[in-house]
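[1] sharing a model that was predicted from the sequence below.
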Amino acid sequence: MSLDWIYYAISWILLTWHSAWDAIGVPVGAVIGTNWAWILAIIFLVVTVRVILFPVFVKQIKSQRAMQALQPKVKELQEKHKGDRETLQKEMMELYRKEKANPLMGCLPMFLQIPVFLSLFHVLKHLKPTLSDENKTLYGWTLDQFNSASSATIFNAPIAGRFGSTSQELANLGATTGTVKLIAGILVLIMIATTYLTSRQMILKTGWAEDPQQRMVQRLMLYGIPVSLLVSGSIFPIGVIIYWVTNNLFTLGQQQWVLRKFPPLVPPKKATATAGKTAAQPAKTSGLFGRKAAAPVAKAPAAAPKVAGPKPGAKPTNPKKGGSRPAKRQG
């Protein structure tokens, strides 16, 4: 199946944003070694894609809420079918179907962005000045647009260059090996760090899943993907890394806004423990001028009133009638 249609779509969005920034007056030539019109075109390609996928992101949050609400039932099934993995999986799938929850919905936005990422990778990898004029005009590009993009740089490193590019490939792009490796290496580290932070942010807010499969997916996203980028990042064009970093920063901001506006559900177990802890502590009341009053101290049982002893020289008395008289002192 040909993917030309998506290559054309990504190229159209990229070229439209570049034309818009050019029309506004953003310098087309390099400023501080950077062609800002092309860099902004890549950044706003991210914005365009994320706006289109926003409804899917909302569904992802709703699905995560539903999965979180099901955690107590999932825990019960795990205890009930402990040691019987096959039955456990069937019961859990039936639970998800009954409650209309989809464990894979949490990864859907990422999966939908993979074709966009691969298409941008293909288009930027296509920016080779050595191509014939006929190949330069593929995917709706003009010769001027192709030549401008193939020479576009960020801090003197071409956006079509890669950390793993050969010296000859970089020479064709008019770049030096040291500059490209330095800029690409820094961007790859930023890409890895922001990828880790996006997963960590969501897991810290919603908690680790009780379902082993869900927990495995969480661990994969938290550790597996960042580690894989340490290797695969060397083959990504710098323009693709800029797209990835921008997408991560957009995700961090979007998740923070959603999680603050719609805070995650408090797990019942945690809520119960918190309530018990609160009940065990004595309530503190505000005293005069807003000072905190000390916790009330339990009063000791009242002691029996002390009877005053006889005055010196007075005869001892006994208020009770018929009581025993005090014994006389022996001389």
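    Structure received. All values reported here derive from a predicted model rather than from experimental measurement.

[2] find the nearest non-adjacent residue to Gln214, please.
    Of all residues beyond its chain neighbours, the one nearest Gln214 is Pro103 (5.7 Å), with distances taken as C-beta to C-beta, 6 or more residues apart in numbering. Just so you know, the C-beta spots here come from the backbone N, C-alpha and C atoms, and that holds for glycine as well.

[3] state the distance from that neighbour to Ala66.
    Note on Pro103: its distance to Ala66, by C-beta to C-beta, to the nearest Å, is 10 Å.

[4] likewise for Leu249?
    Distance of Leu249 to Ala66, computed by C-beta to C-beta: 28 Å.

[5] what stretches of the stretch 1-150 of the chain score poorly on pLDDT?
    Within the stretch 1-150 of the chain, the segments meeting pLDDT under 70 span 1, 28-30, 106-107.

[6] at 80 what do you get?
    Counting by pLDDT under 80, the stretch 1-150 of the chain contains low-confidence residues at 1-2, 27-30, 57-69, 71, 99-110.

[7] next, count neighbours for Phe121.
    17 (other C-beta atoms under 10 Å).

[8] so who does it touch?
    Contact analysis of Phe121 by C-beta atoms under 8 Å, 6 or more residues apart in numbering lists Phe236, Pro237, Val240.

[9] the stretch 1-150 of the chain: helices as residue ranges?
    Along the stretch 1-150 of the chain, the stretches classed as helices by DSSP state H, counting those that start in this stretch are 4-24, 36-52, 54-69, 71-80, 85-99, 108-125, 133-136, 143-150.

[10] how far away is Asp84 from Gly33?
    Using C-beta to C-beta, we find Asp84 at a distance of 63 Å from Gly33.

[11] hmm, back to that, can I get the helices of the stretch 1-150 of the chain in CSV including distance to Val231?
    Below are the helices of the stretch 1-150 of the chain laid out as CSV (distance: least, C-beta to C-beta, whole Å):
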stretch, distance to Val231
helix 4-24, 25
helix 36-52, 23
helix 54-69, 28
helix 71-80, 35
helix 85-99, 33
helix 108-125, 15
helix 133-136, 30
helix 143-150, 26
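
[12] dump the residue contacts of His122.
    Applying C-beta under 8 Å, 6+ apart, one finds that His122 lies in contact with Leu3, Tyr7.

[13] please tell me how far it sits from Ile10.
    According to C-beta to C-beta, His122 and Ile10 sit 8 Å apart.

[14] then Pro55?
    20 Å.

[15] who has more neighbours, these two?
    Neighbours per residue, other C-beta under 10 Å: of Pro55 and Ile10, the larger number sits with Ile10, 24 against 9.

[16] you'd agree the more buried one is up against Leu120?
    Yes - counting by C-beta atoms under 8 Å, Ile10 touches Leu120, with 5.6 Å between them.

[17] find the residues that touch each one of the two.
    Counting by C-beta under 8 Å, 6+ apart, the shared contacts of Ile10 and Leu120 are Leu45.

[18] now Gly25. Its backbone dihedrals?
    phi 120, psi 10 (degrees, to the nearest 10).

[19] nope, Phe155 is what I meant
    Backbone geometry at Phe155, expressed as degrees, to the nearest 10, gives phi 50, psi 50.

[20] let's have the chain start at 792 instead
    Sure thing, new numbering starts at 792, so read that last one as Phe946.

[21] the residue nearest to it when sequence neighbours are not counted - how many residues pack around it?
    Distances taken as C-beta to C-beta, 6+ apart put Gly824 closest to Phe946, at 4.7 Å, once the chain neighbours are dropped. Neighbourhood size, Gly824 [other C-beta under 10 Å]: 12.

[22] cool, Leu915 as well?
    When neighbours are counted by other C-beta under 10 Å, Leu915 registers 26.

[23] separation between it and Val1008?
    Separation of Leu915 from Val1008 (C-beta to C-beta): 30 Å.

[24] just Leu794 next, same as before
    In terms of C-beta to C-beta, Leu794 sits 27 Å off from Val1008.

[25] comparing the two, which shows the higher neighbour count?
    In this view Leu794 and Val1008 are compared by other C-beta under 10 Å, and Val1008 has more residues nearby, 17 against 11.

[26] and the angle for the helix or strand where that one lies with helix 845-860?
    Val1008 is part of helix 1003-1010 when elements are defined by DSSP states H and E. Angle of helix 1003-1010 versus helix 845-860, following axes from the mean of the first three to the mean of the last three C-alpha atoms, to 10 degrees, is 130 degrees.
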